Every structure is written in C-alpha cells, then in structure tokens.
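Visitor: Fold the following, please.
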Amino acid sequence: MHIRVRPQTAAVIALAASAALALAGCSSSDGSGAAAAPKPAAAASQSAKPSAKATGAPLGRDAVDDEVKSSLRAAGLDPEKGKGSGDTNMTKNASVVDWTAVTTTQQAEWALPRLGEQLKHLGWRETAPQSYEKTDWVLLIGSTKQSSTVNLKSGESLLTVNVTYLGAG
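Guide: Numbering: from 1, shown residues only. Next up is the predicted model:
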C-alpha cells in the first residue's frame with residue numbers, strides 16, 4: 001500500500017519525530033519527569049486529524065525571531081543568555097530560528113507554560129503540547145534534565161525553542 005504525503009506534511013512529521021528524539025527525557029508538564037498517561041484511542045485519533053492551515057500574512061524570519069525573543073522575555077527569561085543556532089558568522093538562516101539555554105530546572109518548569117501562553121497571545125496556534133504553528137512556521141518548545149550535548153549539573157535543565165519554516169504549501 002502506498003500513501004501519498006504532501007511535502008509540507010512530510011516536513012511536519014519529520015520535524016515532530018526529530019523533536020521527540022531530541023527531547024527524550026524531557027520533564028512532563030507537571031514537573032515530575034514521568035511520562036504522561038497514554039491518551040485513549042478516540043482522543044488520539046482526533047488529534048491526528050490534519051489541522052486547518054493557519055492563515056494570515058506570511059511571516060519573515062526576523063519577525064519570528066522577534067516574537068520568540070518577546071515570548072522569552074514575557075516568560076521571565078533573557079533571550080541574550082541563550083544561544084541561537086540559526087545564526088552563524090553574522091548570517092541568519094532564513095528558515096530556522098533556534099534558541100537554547102541552560103537554566104535551573106525550577107525556572108524551566110515555571111517558564112514553559114508562560115512561554116506557551118505568550119506564543120498563543122501573539123497568534124501562534126497550539127497544535128500539540130509544546131508545539132505551535134503560525135502561517136508556514138512550526139515552533140516546538142521543551143526542556144530536558146539530561147542532554148548528550150551539554151553537561152547539566154543537578155538542578156539544571158536545557159530549555160529549547162526550535163522554529164522551522166516549512167515554506168508555502
């Protein structure tokens with residue numbers, strides 16, 4: 001059996017899969033670190049339905065970057081204390097906005113829901129827990145207490161914001 005998938009849909013699936021792998025070991029929204037209880041099949045199938053395409057004027061990379069920084073500030077975080085991996089050699093990657101910072105676990109768990117609320121206030125539509133979209137951009141937020149790329153001390157978490165432009169589809 002062959003299933004056709006639009007390139008934009010394939011990109012969303014790939015992004016979600018890579019985010020799930022990158023955030024393995026993330027803390028749950030209740031801060032316990034335990035995995036959330038599985039959803040009933042009916043609820044899972046409802047959330048698997050394709051969402052309506054976000055409408056609105058296309059956003060440029062700089063506008064997305066500004067909205068991420070604004071959301072971080074509103075969540076009590078300093079955007080300048082994090083690192084943006086989408087910027088190299090003073091050149092911005094036009095399709096990626098990333099921000100990563102090491103913070104206390106307590107601050108990360110406090111900031112995540114506030115970050116999500118601020119994103120919604122700015123017009124980002126929540127598509128799944130800690131996943132948002134606006135026009136042709138997909139944004140994922142999360143924190144983890146364990147990382148293979150950063151040595152975290154006890155009581156520290158790696159907080160991430162990853163935004164990818166999927167292109168007009």
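Visitor: got the residue ranges for the helices in this protein?
Guide: 7-22, 41-47, 61-74, 105-121 (DSSP state H).
Visitor: mean pLDDT for these: which is lowest?
Guide: Per-stretch mean pLDDT for those is lowest at helix 41-47 (a mean of 41).
Visitor: burial count for residue 71?
Guide: 27 (other CB atoms under 10 Å). In this view, the C-beta of every residue, glycine as well, is placed from N, C-alpha and C.
Visitor: surely it meets residue 118?
Guide: Yes: the pair residue 71 / residue 118 is scored as a contact, 4.2 Å apart, by CB atoms under 8 Å.
Visitor: separation between residue 161 and residue 154?
Guide: Going from residue 161 to residue 154 by CB to CB, to the nearest Å gives 24 Å.
Visitor: typo on my end, it should be residue 120
Guide: Taken as CB to CB, the span from residue 120 to residue 154 is 33 Å.
Visitor: Between those two, point out the one with more neighbours.
Guide: residue 120 (13 against 6).
Visitor: ok, now which ones touch the residue nearest to that one when sequence neighbours are not counted?
Guide: On the basis of CB to CB, 6 or more residues apart in numbering, the spatially nearest residue to residue 120 that is not a chain neighbour turns out to be residue 126, at 6.2 Å. For residue 126, the contact set (CB atoms under 8 Å, 6 or more residues apart in numbering) comprises 116, 119, 120, 132.
Visitor: Excluding sequence neighbours, find me the nearest residue to the last one.
Guide: On the basis of CB to CB, 6+ apart, the spatially nearest residue to residue 132 that is not a chain neighbour turns out to be residue 124, at 3.9 Å.
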